[in-house]
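> Predicted model follows, preceded by the sequence.
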Amino acid sequence: MISIVGSGRVGASVAFLCVSNGLDDVLLVNRNKDKAIGEALDIASAIPANSEFSIRGTDDYSQLSGSDIVVITASVGVYMKDRTENMELQVKMIKEIAQKIKRHCPFAIFLIVSNPLDVLTYFFQKESNVPRFKVIGIASSLDTSRFRYCISETLSVPQSSISNALVLGEHGDSMVPVFSGVLVGGNPLFSMIDSRESITEDVRSYWKKLRNFKSRSQFGIAKNTFDVIDSILHKKEISIPASVVLEGEYGENDVSMGVPVKIDQNGIFEIQKVKLDDIESSSLKKSSEKIRNYIQSIHT
Ligand SMILES: NC(=O)c1ccc[n+]([C@@H]2O[C@H](COP(=O)([O-])OP(=O)(O)OC[C@H]3O[C@@H](n4cnc5c(N)ncnc54)[C@H](OP(=O)(O)O)[C@@H]3O)[C@@H](O)[C@H]2O)c1
């Protein structure tokens with residue numbers, strides 16, 4: 001069973017993809033029970049006729065019992081200028097959710113989607129005591145999708161011609177697009193652009209641009225989250241960047257941030273080391289310091 005805690009825009013979009021692709025049973029859990037039931041009733045009409053699975057909504061955390069995967073998309077409010085705006089409240093929320101989950105499905109794999117992503121991934125893992133490789137923060141893969149899109153738009157090339165695009169570090173303003181390994185049609189991206197600044201700025205501020213036209217994003221993160229759920233349930237290995245609590249990898253401790261990982265049916269099984277140039281290495285160090293400072297500033 002796939003359980004999704006928080007049935008707002010993102011939670012409902014993830015549920016829609018899981019249900020319409022007949023992945024597994026889906027449980028929506030929301031603070032406001034009516035919202036979970038309403039979304040479940042709507043999405044239930046997308047169950048394929050040949051599916052053996054269904055969807056239901058509740059506010060009762062005890063129904064999480066038996067979950068194989070739990071996706072956390074709960075949020076107490078909408079940030080306007082920065083993903084860390086509601087940080088204290090979001091940390092309090094994730095700690096409460098972690099306590100409840102510990103009672104009902106401690107052996108599931110947990111995908112954290114709520115913001116501020118890296119800080120919440122860290123606190124969820126610490127509060128729940130779930131092994132760190134079973135707590136996966138999903139965001140750097142979304143940032144990587146955006147990076148690929150920005151390269152494709154800048155150079156007017158299809159995304160299929162771009163390889164090795166990767167974004168690491170914070171899901172926030174200090175995220176680090178890794179340009180040095182990117183190939184476009186087999187040639188180094190660096191041979192086609194004057195500097196990395198403009199694309200970096202486009203990727204970092206992508207969500208702000210989107211908000212000029214739409215209240216907030218939902219489909220890109222839903223697809224990136226669905227891909228991870230699909231790989232876990234269908235035992236298909238994938239390599240993506242994701243946030244995970246680090247214990248020495250990339251020279252980091254006491255922090256969770258986006259790094260390249262391999263995922264299979266048991267969660268993360270490897271943190272991969274990628275080659276970075278000097279600018280990327282020092283930007284990643286700054287990014288981890290920024291997340292660590294946020295973590296240390298929390299008093300809830
Ligand atoms: N990782 C990424 O790349 C990425 C991308 C996009 C969005 N996000 C994040 O994803 C989160 C969800 O975004 P959204 O647009 O879906 O927000 P949303 O529409 O406001 O939905 C959030 C939902 O969480 C529910 N909720 C709040 N506290 C809860 C709790 N303790 N238990 C269960 N449900 C609870 C809310 O319930 P009520 O109906 O009672 O208010 C609401 O339905 C946000 O933190 C957002 O920043 C992350």
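Sure thing, it's come through.
> how close does D82 get to G172?
8 Å (CB to CB, to the nearest Å). C-beta coordinates here come from the backbone N, C-alpha and C atoms, glycine included.
> Tell me which of the two has more neighbours.
Taking neighbours as other CB atoms under 10 Å, D82 and G172 compare with G172 leading, 23 against 13.
> Identify the residue spatially nearest to whichever residue of the stretch 201-300 of the chain sits closest to the ligand, adjacent ones excluded.
Among all residues of the stretch 201-300 of the chain, I221 sits closest to the ligand, at 3.7 Å; criterion: CB to the nearest ligand atom. Leaving out its chain neighbours, the residue that sits closest to I221 by CB to CB, 6 or more residues apart in numbering is L142, at 5.0 Å.
> ok, and for the helix or strand harbouring that neighbour, which residues are buried?
Using DSSP states H and E, L142 sits within helix 140-155. Within helix 140-155, the residues that qualify as buried are 140-152, 155, counting by 16 or more other CB atoms under 10 Å.
> For that helix, give the mean pLDDT please.
Mean pLDDT, computed over helix 140-155, is 98.
> Roughly how far does the residue nearest to I221 sit from the ligand?
4 Å (CB to the nearest ligand atom, to the nearest Å).
> which residues does that residue contact?
Neighbouring residues of L142 by CB atoms under 8 Å, 6 or more residues apart in numbering: 171, 220-221, 224.
> Tell me the residues on the protein that lie near the ligand, please.
Counting by CB under 6 Å from any ligand atom, the residues of the chain close to the ligand are 5-11, 29-32, 35, 73-76, 93, 97, 113-115, 117, 138-139, 142, 171, 216-217, 221.
> so how many other residues sit close to the residue nearest to V26 when sequence neighbours are not counted?
In this structure, V26 finds its nearest non-sequential neighbour in I55, 4.3 Å apart by CB to CB, 6+ apart. Applying other CB under 10 Å, we find 24 residues neighbouring I55.
> isn't I55 right up against I43?
Yes - when contacts are counted by CB atoms under 8 Å, I55 is listed as touching I43 (5.4 Å).
> so what sits against both of those two?
Residues touching both I55 and I43 (CB under 8 Å, 6+ apart): 15, 19, 26.
> Which among those count as buried?
15, 19, 26.
> where's the helix or strand harbouring the first one relative to the chain centroid, distance-wise?
Assigned by DSSP H and E, A15 falls within helix 9-20. Centroid displacement of helix 9-20 relative to its chain, using CA atoms, centre = their mean, to the nearest Å, is 14 Å.
> Any buried residues in it, and which?
Neighbour-count burial for helix 9-20 [16+ other CB under 10 Å]: 9-19.
> Which residue ranges of the protein form helices?
Using DSSP state H, the helices found in the chain span residues 9-20, 33-44, 87-104, 117-128, 140-155, 197-204, 206-211, 219-233, 278-297.
> Put the buried members of the residues of the chain next to the ligand into a ChimeraX selection.
This is how ChimeraX selects the buried members of the residues of the chain next to the ligand, with burial counted by 16+ other CB under 10 Å:
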select :5,6,7,8,9,10,11,29,30,35,73,74,75,93,97,113,114,115,117,138,139,142,171,217,221
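> Grab the CA positions of stretch 268-276 and hand them over as CSV.
Taking Å, rounded to 0.1, in the frame of the first residue of the first chain, the C-alpha atoms of stretch 268-276 are listed here in CSV:
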residue,chain,number,x,y,z
ILE,A,268,18.7,3.8,-1.1
PHE,A,269,21.5,1.2,-1.5
GLU,A,270,24.3,3.4,-2.7
ILE,A,271,25.4,7.1,-2.5
GLN,A,272,27.4,7.7,-5.7
LYS,A,273,30.4,9.9,-6.0
VAL,A,274,30.4,12.2,-9.0
LYS,A,275,33.2,14.3,-10.2
LEU,A,276,32.8,18.1,-9.6
